[in-house]
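Engineer: Sequence first, then the predicted structure, then my questions.
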Amino acid sequence: MGATAIYPGTFDPITNGHIDILIRSLKAFDHIIVGIGPNPTKTTLFSIEERILMIKECLNSIPNVSVEVFDCLLVDFAKRKNAKVIIRGLRAISDFEYEFQMALMNRKLDSDIETVFLMPSEEYSYLTSSIIKVVGSFGGDVSSLIPKLAHEMIKNKFNKINKE
Ligand code: ADP
């Protein structure tokens, strides 16, 4: 069996920046598990089921990637999946401090697991799920920045919320 890596995150929603990192990761790993993890500091716009649906649609065209949900420490999930590597994306210096903290905490929890950072294409270096939600909530065009189904789902979600 080849090397598996975990790409964890909230993916609320998945963006082309996430996909860019996934595709780059496949140059180094045989199988990537997109792990939708718990994040007690964030409330999400999309349910777990909705996020899985959006991710699965993208995976139809990207082989060797699967999606799973975990509700435990990331290092424990990685161990359970026989993955020795956690992948994270680094957009700008602003990501660095948080990512540095998380990587060292995860190393403290399990020194067998390494965190690998990849940088996206410059066109996605400013892209966050949060900015997509802000722009999307006011009807701004984000169609070139997120996958097709995610775009439809965000439009429907805000149409529904704005009607309430
Ligand atoms: P989290 O809630 O853990 O920050 P996210 O879903 O926001 O999870 O992101 C998951 C990972 O993908 C993080 O490492 C994040 O830095 C990275 N990421 C998000 N957007 C981009 C992007 N546009 N380019 C590169 N990496 C990104």
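Structural biologist: Thanks, I have the structure now.
Engineer: Quick one: the strands in the protein, in order.
Structural biologist: Applying DSSP state E to the chain gives strands spanning 4-9, 31-36, 65-69, 85-89, 114-118.
Engineer: Please identify the buried residues of the last one?
Structural biologist: It refers to strand 114-118. By neighbour count with 16 or more other CB atoms under 10 Å, strand 114-118 contains the buried residues 115, 118. All C-beta spots, glycine's among them, are computed from the backbone N, C-alpha and C.
Engineer: for stretch 119-129, the distance to its chain's centre please.
Structural biologist: Using CA atoms, centre = their mean, to the nearest Å, the mean C-alpha position of stretch 119-129 is found 12 Å from that of the whole chain.
Engineer: quick revisit: mind putting the strands of the chain into CSV with distance to the ligand?
Structural biologist: Conversion of those to CSV gives the following (distance: least, CB to the nearest ligand atom, whole Å):
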stretch, distance to the ligand
strand 4-9, 3
strand 31-36, 9
strand 65-69, 12
strand 85-89, 2
strand 114-118, 7
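Engineer: Any chance of CSV for the ones you listed, columns mean pLDDT and distance to residue 44?
Structural biologist: CSV is the format used below for these (pLDDT from 0 to 100; distance: least, CB to CB, whole Å):
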stretch, mean pLDDT, distance to residue 44
strand 4-9, 98, 11
strand 31-36, 98, 10
strand 65-69, 97, 12
strand 85-89, 97, 18
strand 114-118, 97, 23
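Engineer: Could you dump the ones you listed into JSON lines with distance to residue 160 added?
Structural biologist: Written out in JSON lines, the entries for these read as follows (distance: least, CB to CB, whole Å):
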{"stretch": "strand 4-9", "distance to residue 160": "25"}
{"stretch": "strand 31-36", "distance to residue 160": "22"}
{"stretch": "strand 65-69", "distance to residue 160": "24"}
{"stretch": "strand 85-89", "distance to residue 160": "30"}
{"stretch": "strand 114-118", "distance to residue 160": "35"}
